[in-house]
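Colleague: sequence? don't have it. structure:
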């Protein structure tokens with residue numbers, strides 16, 4: 001985490017195996033897409049349609065894989081949540097200081113797992129914003145981010 005008095009950035013990275021399989025899926029989608037083009041060219045409609053749908057499904061799956069999530073805490077300004085995707089896309093959500101009620105470390109329990117997450121409670125909202133929503137890092141990443149939020153007055 002990079003930190004100075006007014007700004008701190010906390011990052012969670014995807015597991016290298018996840019990234020490797022995403023690149024494999026994207027390459028497979030490209031190959032299947034080439035085969036589909038050849039099948040369309042040779043007027044083999046049903047196999048071409050199947051290959052096209054398979055390529056699209058693989059490509060869409062690969063494009064949604066997250067490589068990194070960042071939480072940028074800016075004292076007196078707000079919190080910015082960033083999600084970076086393997087194939088280059090990026091989503092950014094900024095939460096203004098005036099809208100943030102508090103930041104809490106919470107535990108979620110499902111039928112198959114339990115994990116910790118950082119919830120950002122917002123004034124007048126029934127929903128919350130979640131930092132590191134997809135990658136779900138452990139407490140070794142979440143606790144410093146929570147401590148930074150506390151230090152910068154988000155409690």
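Modeller: Yep, it's here. Given the structure is predicted, the values throughout are model-derived calculations rather than measurements.
Colleague: so where's the chain shaky on pLDDT?
Modeller: Filtered on pLDDT under 70, the chain yields the residue ranges 1-5, 18-19, 22, 26, 39-40, 59, 61-63.
Colleague: now the strands for it?
Modeller: 2-3, 7-13, 66-74, 78-85, 90-96, 100-109, 114-122, 128-131 (DSSP state E).
Colleague: distance to residue 139 for those - can I get that in JSON lines?
Modeller: For the C-beta atoms, the positions are set from N, CA and C on the backbone; glycine is no exception. Listed next are the strands of the chain as JSON lines, based on distance: least, CB to CB, whole Å:
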{"stretch": "strand 2-3", "distance to residue 139": "18"}
{"stretch": "strand 7-13", "distance to residue 139": "12"}
{"stretch": "strand 66-74", "distance to residue 139": "14"}
{"stretch": "strand 78-85", "distance to residue 139": "19"}
{"stretch": "strand 90-96", "distance to residue 139": "22"}
{"stretch": "strand 100-109", "distance to residue 139": "8"}
{"stretch": "strand 114-122", "distance to residue 139": "6"}
{"stretch": "strand 128-131", "distance to residue 139": "13"}
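Colleague: can I get these in a markdown table including mean neighbour count and distance to residue 41?
Modeller: Below are these laid out as a markdown table (neighbours: other CB atoms under 10 Å; distance: least, CB to CB, whole Å):
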| stretch | mean neighbour count | distance to residue 41 |
| --- | --- | --- |
| strand 2-3 | 12 | 52 |
| strand 7-13 | 19 | 42 |
| strand 66-74 | 21 | 35 |
| strand 78-85 | 18 | 32 |
| strand 90-96 | 12 | 36 |
| strand 100-109 | 14 | 50 |
| strand 114-122 | 17 | 48 |
| strand 128-131 | 19 | 47 |
